[in-house]
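>>> My questions concern the predicted model and sequence given below.
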Amino acid sequence: MILPVVGTIGTRVLIAVANLGTVAVSAHFLGMSAVGIIALLVLGISFIMLFNNVVGGSGLIYLVPRHGSAALRWPAYGWTLLTAGLAWMALRTFPIVPAGMEIHAVALACLQGIAGVHLGLLLGRERYGAYNGLQLGQTAGLFVAFLLLLRIDDATLMDYVNAAYIAHGGTAIISGILSIDRRSTRAKVGSPTIDLFRQGVLSQLGNTMQLLNYRMAYYLVRRFQGDAALGLFSITTQLAESAWLAPKSLGTVLYARVSNMADRDHQRDLTLAVFKVAVGIAALAVLLLCVLPDSTYQFFFGPNVHDIAPIVGWMAPGLLAMSASQALSHYLSGSGRVHHNVISSGIGVIVTLLVGYRTIPTMGLSGAALTASAAYTASVVYQFVVFNKLAGARLHHYLPSALDMERVRTLWHRMLGR
């Protein structure tokens, strides 16, 4: 487990740098309002992807060891195309993306959906190297293409859209080639299509709630504070969520590993090890973000960026809570208990609405940060209680111990011997 984690963490760090580079370039060339519009476009694509990933998402990771890649690929392709058509009709009624961007949101979501199918098949076979390389190549390709297009002619929002076509289209093609599995598949039990829907519906319902938990504040900030404030908040949010780089990487590997093992005690021990490391690393990252001066942020994102550290400070409790969630939620998903993630995310959405409508109009971005912190914490409290009950974990299991180091060494030697 150690080598995949190291590779995944390194990949996520580089992806975060490339993403922040894209935001910085947007802020310098297009302005803060454009950053806000791009954030809404990306969020709209994310909503489409939630429906696409009912079949083509993380459920593939869980089901590849059980059905094989060949039986899962074509149902996932078909669902991607179907959801693209439905999304096009929906966006004509519900304006969740900026005006004029509807067709681009649908087309980009379709490309991401096809690439997502391929990435899920790769990760289900624990091909971490290919998965990490494709993720990094897609993000780096977007940044490089965007920068080049901005310099070719007058800078416009369409430069970002065209760069996204280049990056996601290239990833879809390359990942499709790499995901081909010519090995004989294992014996199939049940229908792969039915299992994809059964696993995917619950998983994506949880992801939908989680996305609302993460991003509902965007719409509230835009409504009460405007596009420029949303641009600043989106930058702050991406910086703050960089604290999740290591926890998300650990969670990704944990999910694939838990999905491929049956021993409950081993699942619990791996989850607790990930939990401790994730929270520790996130705490250091949050501390760093809180002590950096505004001048540092302004150097990268322009003079209109200010008061980042205080906003991150308001978000700190929730950021640490969601770092812990990367272990708990992936344990629940990998062990087939996705419905608990749905419930926890639903709790977060309720808290977002209750707190956000009261704090964002009066406190501005600090209120948005406080809302996020309250919602994240409420979600993890539920997961914490459920995990303790299902896994038999007690308070002393969460404390660092010599056994943790022994587990790390054992996993390290196990991976070196593969």
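Okay, I see it. Computed from a predicted model, the values in this text were never measured in an experiment.
>>> if you go through the stretch 1-150 of the chain in chain order, where are the strands?
For the stretch 1-150 of the chain, no strands turn up when DSSP state E, counting those that start in this stretch is the criterion.
>>> Which parts of it are helices?
Per DSSP state H, counting those that start in this stretch, the stretch 1-150 of the chain has helices spanning 2-30, 32-56, 59-67, 69-91, 102-124, 128-152. These are given in chain order.
>>> and of those, who's closest to I308?
Taking Cβ to Cβ as the criterion, I308 comes closest to helix 2-30 out of those, the separation being 12.2 Å. Where C-beta positions appear, they are placed from N, C-alpha and C, glycine not excepted.
>>> Could you give the average pLDDT over the helix or strand I281 falls within?
Following DSSP states H and E, the helix or strand that holds I281 is helix 264-291. Model confidence over helix 264-291 averages 80 on the pLDDT scale.
>>> could you point out which element follows that helix?
Of the helices and strands lying after helix 264-291 in sequence (DSSP H and E), the nearest is helix 294-301.
>>> what packs against the next helix or strand after that next one?
Sequence order places helix 308-334 as the next helix or strand after helix 294-301, per DSSP H and E. When contacts are defined as 3 or more Cβ pairs under 8 Å, 6 or more residues apart in numbering; DSSP states H and E, helix 308-334 packs onto helix 192-225, helix 227-240, helix 245-259, helix 264-291, helix 294-301, helix 338-363, helix 365-391.
>>> Just say which of the ones you listed is most tucked in.
When you average the neighbours per residue for each of the helices and strands packed on helix 308-334 (mean count of other Cβ atoms under 10 Å), helix 245-259 leads with a mean of 25.
>>> where among the helices and strands packed on helix 308-334 is the average confidence lowest?
Sorting the helices and strands packed on helix 308-334 by mean pLDDT places helix 245-259 lowest, at a mean of 68.
>>> before we move on, the earlier item: closest one to L178 among the helices of the stretch 1-150 of the chain?
Comparing these against L178 with Cβ to Cβ, the closest turns out to be helix 128-152 (5.1 Å).
>>> buried ones in the next helix-or-strand element following that closest one?
On the C-terminal side of helix 128-152, the nearest following helix or strand under DSSP H and E is helix 157-178. Residues of helix 157-178 classed as buried under the neighbour-count rule (16 or more other Cβ atoms under 10 Å) are 157, 159-161, 163-164, 166-172, 174-176, 178.
>>> pull the CA atoms of stretch 79-88 into PDB?
Taking Å, rounded to 0.1, in the frame of the first residue of the first chain, the C-alpha atoms of stretch 79-88 are listed here in PDB:
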ATOM      1  CA  TRP A  79     -24.900   5.500 -19.600                       C
ATOM      2  CA  THR A  80     -22.400   8.200 -20.300                       C
ATOM      3  CA  LEU A  81     -24.000   9.100 -23.600                       C
ATOM      4  CA  LEU A  82     -27.500   8.800 -22.200                       C
ATOM      5  CA  THR A  83     -26.700  11.200 -19.300                       C
ATOM      6  CA  ALA A  84     -25.100  13.700 -21.800                       C
ATOM      7  CA  GLY A  85     -28.400  13.900 -23.700                       C
ATOM      8  CA  LEU A  86     -30.400  14.200 -20.600                       C
ATOM      9  CA  ALA A  87     -28.100  16.900 -19.200                       C
ATOM     10  CA  TRP A  88     -28.500  19.000 -22.400                       C
END
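>>> Pull out the buried residues from it.
Burial within stretch 79-88, assessed by neighbour count using 16+ other Cβ under 10 Å, is assigned to 79-80, 83-84, 87-88.
>>> List the contacts of it.
With Cβ atoms under 8 Å, 6 or more residues apart in numbering as the contact definition, stretch 79-88 has outside contacts at 48, 51-52, 54-56, 102-103, 105-107, 109-110, 113-114, 117, 196.
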